[in-house]
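> Prediction below, plus the sequence it came from.
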Amino acid sequence: MGWIPNNKTVLLAGVLLMATLAGCIEPGKGETLSIGDFHFCAGIRGLDMYDEHPNTFKEGEQIFMYFELTGFEKKEGIADIIQTLTIITPKGDPFVLEGKPVESYVMIDEEIPAKDMDVLWFDNHLPPVNESWAKGTYDVKIAVTDRVAEKTVSYNTEFIIL
């Protein structure tokens, strides 16, 4: 005797089939939502176009953080993304940017046209390092939420002010 589906199985399969046929949700090609190709940079011009920099910075240098997001889902060709940044100073306090603590600081919160895209790239940058920045190691946490897939991924790193 073969497998006989119950009513819930048939309903779920029908909903998934209808969503797929209608093009409502476009899966991320079987990939897991992930942050990759992270680099500290001296400048960023676009996808895969950046000037890599070690994670140590001194006064006058600007900190750029480049990374890519893969495995996101789209609804009708649109990715719905929120990206936050947390930076903790060597003293253990949140870094302050434009008068606000950079703790779950929203860097991007928007719908992005991504019809034929499998990769989204991000440019997080801070103002140039000045004499007010504490010397030492800063902890960085980047979090990205894909609202279509209802999934979040994070990436932790650090930079050093000399």
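Arrived safely, thanks for sending. Numbering: from 1, shown residues only.
> The most centrally placed residue in the chain sits in which helix or strand?
In the chain, the centroid-proximal residue (Cα atoms, centre = their mean) is Val144; its distance is 3.8 Å. Val144 belongs to strand 136-146 when assigned by DSSP states H and E.
> Can you list the strands that whatever helix or strand comes next after that strand pairs with?
On the C-terminal side of strand 136-146, the closest following helix or strand by DSSP H and E is strand 151-161. Sheet pairing of strand 151-161 (DSSP bridges) gives strand 56-57 (parallel), strand 136-146 (antiparallel).
> Residues contacting the strand holding Val144, please?
By Cβ atoms under 8 Å, 6 or more residues apart in numbering, the list of residues contacting strand 136-146 from outside reads 33, 35, 38, 65, 67, 69, 72-73, 79-90, 95, 104, 122, 124, 151-161. Using the backbone N, CA and C atoms, a C-beta is placed for each residue, glycine as well.
> who touches the biggest strand by length in the chain?
Across the chain, the longest stretch assigned as strand under DSSP state E is strand 34-46. If you take Cβ under 8 Å, 6+ apart as the criterion, strand 34-46 is touched by 48, 50-55, 57, 61-71, 121, 123, 125, 142, 144, 153-155, 157, 159.
> next one: stretch 76-87
With Cβ under 8 Å, 6+ apart, stretch 76-87 has contacts from 23-24, 26, 69, 72-73, 94-95, 97, 102-115, 117, 120, 122, 124, 126, 138-148.
> Convert it to PDB, retaining C-alpha atoms only.
In PDB, the C-alpha atoms belonging to stretch 76-87 read as follows (Å, rounded to 0.1, in the frame of the first residue of the first chain):
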ATOM      1  CA  GLU A  76       7.800  39.600  -7.400                       C
ATOM      2  CA  GLY A  77      11.500  40.500  -8.000                       C
ATOM      3  CA  ILE A  78      11.900  42.600  -4.800                       C
ATOM      4  CA  ALA A  79      14.200  41.700  -1.900                       C
ATOM      5  CA  ASP A  80      13.000  43.300   1.400                       C
ATOM      6  CA  ILE A  81      16.100  43.800   3.600                       C
ATOM      7  CA  ILE A  82      16.900  45.400   6.900                       C
ATOM      8  CA  GLN A  83      20.600  45.600   7.900                       C
ATOM      9  CA  THR A  84      21.900  46.800  11.300                       C
ATOM     10  CA  LEU A  85      25.300  47.500  12.600                       C
ATOM     11  CA  THR A  86      26.600  47.300  16.200                       C
ATOM     12  CA  ILE A  87      30.000  48.600  17.100                       C
END
